[in-house]
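Peer 1: need a 3D model of the sequence below.
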Amino acid sequence: QAQLAESGGGTVQAGGSLKLSCVNSGRAFSTSHTAWFRQVPGKEREFVAAISWSGGQTYDDSVKGRFTISRDNGEKTVYLQMNSLKVEDTAIYYCAVDTYRSLTPPRSTQGYGAWGQGTQVTVSS
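Peer 2: Numbering: from 1, shown residues only. Next up is the predicted model:
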């Protein structure tokens, strides 16, 4: 079972950058899809980006061109590089691992069986 730990959140001004990390201590890291979701109070958790076990990337339209997801199988870590941050990017960011062996990374929270505790990202104007 994957155990996930996010880090890298913080407070940054609009236009700035942050890099989130998600360390996966589970055994099947290199063969699992991993995604980032985000959530603000009172709203549903929403898809941000995902990376397949083979490195294929997908993004929500709201972050395309600004965020980059990557993985380091040796470090068992998935990263989310966030550039040109906007106030509306403020949220708790969660990483999640597909434990159901989907063919491609799901965009729904239901497609992920393991979640981290989240890391807060705050973008100020």
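
Peer 1: ok, Gly116 touching Leu80?
Peer 2: No - applying C-beta atoms under 8 Å, one finds Gly116 not in contact with Leu80, separated by 11.9 Å. C-beta coordinates here come from the backbone N, C-alpha and C atoms, glycine included.

Peer 1: compare those two (neighbour count), which wins?
Peer 2: Leu80 (27 against 21; other C-beta atoms under 10 Å).

Peer 1: local confidence estimate at Ser30?
Peer 2: With respect to pLDDT, Ser30 scores 80.

Peer 1: against Gly116, how distant is it?
Peer 2: 18 Å (C-beta to C-beta, to the nearest Å).

Peer 1: again with Ala50
Peer 2: Counting by C-beta to C-beta, the gap from Ala50 to Gly116 is 14 Å.

Peer 1: Tyr94: neighbour count?
Peer 2: Look at Tyr94: counted by other C-beta under 10 Å, it has 23 neighbours.
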